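Build the 3D model from these lines:
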Amino acid sequence: MFMNIAYDEVLTTTVSIVSRLVKADIELSADTDLLADVGMTSLQVMELVLEIEEEFDISFPLNRLPDIQTIKDLAQEIAASLDQ
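Predicted coordinates:
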């Protein structure tokens, strides 16, 4: 479905997904910290994972969540999953 998708497209889609899930009055960018800047709750993180899995047709590795701080980190993890 999304094979060979460009990183920029992954990043743009990821920002869109995060913006739908949070009601923050901040401009989201690649450097936005999901916890410090957005204040995502654990429930929102799980909703985010579900949205990502559905949007990109991947199985997101939950054991990688502790290493993800920014939207860029998340997009890179998605891109890596798509390349497998």
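
From now on I want contacts and neighbour counts done on CA atoms only, so please keep to that.
Fine.

show me where this structure has strands.
Shown for the chain, no strands are assigned by DSSP state E.

Show me where it dips below the pLDDT cut-off.
Residues of the chain that meet the criterion pLDDT under 70 lie in 1-4, 24.

the helices in it, which residues?
Ranges of helices within the chain are 7-21, 42-56, 71-83, based on DSSP state H.

May I see those organised as CSV, with mean neighbour count added?
Output for the helices of the chain, formatted as CSV (neighbours: other Cα atoms under 10 Å):
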stretch, mean neighbour count
helix 7-21, 17
helix 42-56, 15
helix 71-83, 19
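
Take these and lay them out in CSV including distance to Asn63.
Converted to CSV, the helices of the chain look like this (distance: least, Cα to Cα, whole Å):
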stretch, distance to Asn63
helix 7-21, 19
helix 42-56, 12
helix 71-83, 11
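
And those: which comes nearest Asp31?
helix 71-83 (6.1 Å; Cα to Cα).

And for the closest one, what's in contact with it?
Helix 71-83 is touched from outside by 2-5, 7, 10-11, 14-15, 29-34, 56, 58-60, 67-68, with contacts defined as Cα atoms under 8 Å, 6 or more residues apart in numbering.

what's the offset of that helix from the middle of its chain?
On the basis of Cα atoms, centre = their mean, to the nearest Å, helix 71-83 sits 8 Å off its chain's mean C-alpha point.
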